[in-house]
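Undergrad: sequence plus the predicted model coming up.
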Amino acid sequence: LFAQFDSLLLLKRVGKTVYNGPCGIGGSCVDLITYFRQTPGCLPLREEQNPADWMLQVVDRAKDPHTGCAIDHAELYKSSDAAKTAKAQVAELLQQAEQQQQQGHDQEHAREYVRSSWDQFVVVLGRTLRHFHRQPAYSAMKLLQGVAFAIILGTLCIHKATLEELANPKNVRTIPAMVYMMTFLFFSVNFGCAPSFVMSARTLYYREQALHMYTPLVYGMAWILSEIPYLFAQTTLFLCIFYFILGLTASAWQFFWSFFAVLISGMIGTALGHFFGAALDSPAVASTVMSLINSTMSIFGGFSIQA
């Protein structure tokens, strides 16, 4: 990590500057090493030793070879060429800022976020996709739950949607009930899994939001869009099992509309799960609120109490 820095500002415990300048090109730390090697009483840098550890040892333990007293690197830095270069760079930056302010460009630098909304979205979306890829347990759990519900519901009414079975008046009510349960359970699976997963990344979000790295809208959209590839896979597995076990019409057009209905219900459940994961304090509170919402939607979804 230390090798990734382009420049370094090193302070003593009392806040005095010990070094302020470049580290080195390509993570070599050659500029930093060269500077400290020129100071009196510098400890030797052993082969394969971490330059960061060596630097701290030099600052804490270096002693004057003539007097044996500890060396004040803050005083050495004040009279060094590195200090003069740093002061010149700061003066140049202040001069550029004054010129831009006089030319009316101060509004560009005064905005809350440095990058545009599109740049923020691209960066956050890429990072969120990698986050989903590195934590497959969340997506795997939703896929397994979807497959399990499809098999359970399908086996309860195997081939009940065929023309022969529909001739029985009892089955006319059974098929809409299964289709309703198909969409509602798919909604519940995605609704129940999302809050705890969203809450696990809340600490990182608070830290980055305090630094104004991106807007909350960009963050929310990136998380929702990252769910879409997994929702398509989950919907395909769920519907391919349930649709044909139930014996629904083997028509591409009918299958497409069923796929669309299940996918939309999953998206709604995921979006609501993300919302409650961001708005509520803990998974326990989210579980309580979600149970109430599931019960309400189950009762007033248009099947139990018909419109």
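TA: Received it, and whenever you're ready, just let me know what you need. Quick caveat, the model's predicted, so the values are computed rather than measured.
Undergrad: nearest spatial neighbour of Tyr77, skipping sequence neighbours?
TA: Ala83 (5.4 Å; C-beta to C-beta, 6 or more residues apart in numbering). C-beta here means a position set from N, CA and C on the backbone, and glycine is covered the same way.
Undergrad: contacts for stretch 139-156, please.
TA: 132, 178, 181-182, 185-186, 189-190, 193, 230, 233-235, 237-239, 241-242, 245-246 (C-beta atoms under 8 Å, 6 or more residues apart in numbering).
Undergrad: mind doing that once more with 6 Å?
TA: Leu185, Val189, Cys193, Tyr230, Gln234, Leu237, Phe238, Ile241, Phe242, Ile245, Leu246 (C-beta atoms under 6 Å, 6 or more residues apart in numbering).
Undergrad: in stretch 246-258, what's buried?
TA: Neighbour counts over stretch 246-258 (16 or more other C-beta atoms under 10 Å) mark Leu246, Gly247, Leu248, Phe255, Ser258 as buried.
Undergrad: for the last one, give me the pLDDT.
TA: Same thing as Ser258. At Ser258, the pLDDT value in this model is 86.
Undergrad: after the helix or strand containing it, which helix or strand is next? Please name it.
TA: Ser258 belongs to helix 252-279 when assigned by DSSP states H and E. Once helix 252-279 ends, the next helix or strand along the chain (criterion: DSSP H and E) is helix 283-299.
Undergrad: tell me the secondary structure for the residue nearest to Tyr77?
TA: Three-state call for Ala83 (DSSP: H, G, I helix; E, B strand; the rest coil): helix.
Undergrad: pick out the residue nearest the middle of this protein.
TA: In the chain, the residue lying closest to the centroid (C-alpha atoms, centre = their mean) is Thr128, at 4.2 Å.
Undergrad: could you measure from that residue over to Gln135?
TA: Separation of Thr128 from Gln135 (C-beta to C-beta, to the nearest Å): 11 Å.
Undergrad: and Glu227, by the same measure?
TA: Glu227 is 13 Å from Gln135, by C-beta to C-beta.
Undergrad: please apply the same query to Leu11.
TA: Counting by C-beta to C-beta - Leu11 and Gln135 are separated by 37 Å.
Undergrad: which of the contacts of stretch 139-156 fall within helices?
TA: Within the contacts of stretch 139-156, membership in helices is found for Leu185, Val189, Cys193, Tyr230, Gln234, Leu237, Phe238, Ile241, Phe242, Ile245, Leu246, as judged by DSSP state H.
Undergrad: buried ones among those?
TA: Members of those classed as buried by 16+ other C-beta under 10 Å are Leu185, Val189, Cys193, Tyr230, Gln234, Phe238, Ile241, Phe242, Ile245, Leu246.
Undergrad: how about the fifth one, nearest residue that isn't a chain neighbour?
TA: Distance criterion C-beta to C-beta, 6+ apart; nearest residue to Gln234, sequence neighbours excluded, is Gly146 at 4.9 Å.
Undergrad: got it, and Gly277?
TA: Using C-beta to C-beta, 6+ apart, the nearest residue to Gly277 is Val198, at 3.1 Å.
Undergrad: am I right that that neighbour is in a helix?
TA: Yes. Counting by three-state DSSP, one finds Val198 located in a helix.
Undergrad: that one contacts Gly273, doesn't it?
TA: No. Taking C-beta atoms under 6 Å as the definition, Val198 is not a contact partner of Gly273, at 7.3 Å.
Undergrad: any idea how far Pro51 is from Asp6?
TA: From Pro51 over to Asp6 (counting by C-beta to C-beta), the distance is 14 Å.
Undergrad: same question for Pro40.
TA: Per C-beta to C-beta, Pro40 is found 28 Å from Asp6.
Undergrad: those two: which is more packed in?
TA: More crowded of Pro40 and Asp6, by other C-beta atoms under 10 Å: Pro40, with 12 against 9.
Undergrad: can you tell me the SS state at that one?
TA: Applying three-state DSSP: Pro40 is coil.
Undergrad: before we move on, back to that, okay, the contacts of stretch 139-156 in CSV with distance to Gly220 next?
TA: Below are the contacts of stretch 139-156 laid out as CSV (distance: C-beta to C-beta, whole Å):
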residue, distance to Gly220
Leu185, 25
Val189, 21
Cys193, 17
Tyr230, 17
Gln234, 21
Leu237, 27
Phe238, 25
Ile241, 32
Phe242, 31
Ile245, 36
Leu246, 36
